[in-house]
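Asker: Predicted model and sequence below, questions to follow.
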Amino acid sequence: MATIEANVTLAATLTQEETLLREAVAGICKEFGREYMQRCRETEQPPRELWDALASRGYMGVNIPEEYEGGGLGMAALSWVAEEIAAAGCSLLLIVVSPAIVGNILAKHGTVAQKERWLRGIGRGTTKVAFAITESDAGSNSHKLSTSLSTRRPRPRSTASTARSRRTEATASPSSTG
């Protein structure tokens with residue numbers, strides 16, 4: 001077994017940018033707090049007011065490139081936003097899905113048309129994107145998806161693609177408790 005040694009230095013102090021961002025987000029979230037989140041849960045309503053308050057000030061898209069109306073500060077800044085939201089007792093899971101997962105994938109791998117269509121709204125916080133995992137073996141871990149796409153070139157100027165997938169349909173059924 002090989003041993004790898006590395007000298008790692010972690011910053012012990014926050015940058016001014018991180019401090020200001022964290023303070024601003026904490027100040028917004030303080031206006032809502034745990035009681036607000038509890039009311040949302042009890043009434044089965046999403047925390048729209050909190051999302052909108054953060055989005056209107058640019059915090060829900062801090063990681064999205066500036067050319068798509070985001071903050072251009074990257075994932076570290078979005079993690080600071082998420083940490084402050086959670087510290088205030090106001091967890092927003094959708095921040096992990098919409099700006100973090102979908103926003104980053106589109107920013108790195110999307111076509112120009114896809115970026116124009118989706119990233120501006122994600123950057124402004126006005127577009128929320130979610131996805132469902134339909135492979136039962138994956139659970140909630142998208143890294144365990146077994147769907148794959150392979151491309152082969154059987155002859156010049158033609159491409160054949162083969163998709164392999166296992167999925168489960170999600171359906172709703174009437175309650176049996178009537």
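Answerer: Done, it's in. Numbers count the residues shown, from 1 in each chain.
Asker: Provide the backbone phi and psi angles at residue 107.
Answerer: Note on residue 107: its backbone torsions stand at phi -60, psi -40 [degrees, to the nearest 10].
Asker: dump the residue contacts of residue 144.
Answerer: 135, 137-138 (CB atoms under 8 Å, 6 or more residues apart in numbering). C-beta coordinates here come from the backbone N, C-alpha and C atoms, glycine included.
Asker: Which residue ranges make up each domain of this protein?
Answerer: 16-124, 136-169 (automatic domain parsing).
Asker: Buried deepest among those, which one?
Answerer: domain 16-124 (a mean of 17; mean count of other CB atoms under 10 Å).
Asker: average model confidence for stretch 48-60?
Answerer: Taken as a whole, stretch 48-60 has a mean pLDDT of 96.
Asker: ignore the last one, stretch 147-163
Answerer: 63.
Asker: measure the residue lying closest to residue 140 once chain neighbours are set aside to residue 144 for me?
Answerer: Excluding the flanking residues, the one nearest residue 140 by CB to CB, 6 or more residues apart in numbering is residue 133, at 6.5 Å. Per CB to CB, to the nearest Å, residue 133 is found 9 Å from residue 144.
Asker: what do you get for residue 61?
Answerer: Distance from residue 61 to residue 144, by CB to CB: 28 Å.
Asker: Pull the host helix or strand of residue 19 out as PDB, backbone CA atoms only.
Answerer: Assessed by DSSP states H and E, residue 19 sits inside helix 16-30. In PDB, the C-alpha atoms belonging to helix 16-30 read as follows (Å, rounded to 0.1, in the frame of the first residue of the first chain):
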ATOM      1  CA  GLN A  16     -13.300  40.200   3.200                       C
ATOM      2  CA  GLU A  17     -15.500  39.100   0.300                       C
ATOM      3  CA  GLU A  18     -16.500  35.900   2.100                       C
ATOM      4  CA  THR A  19     -17.200  37.800   5.300                       C
ATOM      5  CA  LEU A  20     -19.400  40.400   3.600                       C
ATOM      6  CA  LEU A  21     -21.300  37.700   1.600                       C
ATOM      7  CA  ARG A  22     -21.900  35.600   4.700                       C
ATOM      8  CA  GLU A  23     -23.100  38.600   6.800                       C
ATOM      9  CA  ALA A  24     -25.500  39.700   4.100                       C
ATOM     10  CA  VAL A  25     -27.000  36.300   3.700                       C
ATOM     11  CA  ALA A  26     -27.200  35.800   7.500                       C
ATOM     12  CA  GLY A  27     -29.000  39.100   7.800                       C
ATOM     13  CA  ILE A  28     -31.600  38.100   5.200                       C
ATOM     14  CA  CYS A  29     -32.200  34.700   6.700                       C
ATOM     15  CA  LYS A  30     -32.500  36.100  10.300                       C
END
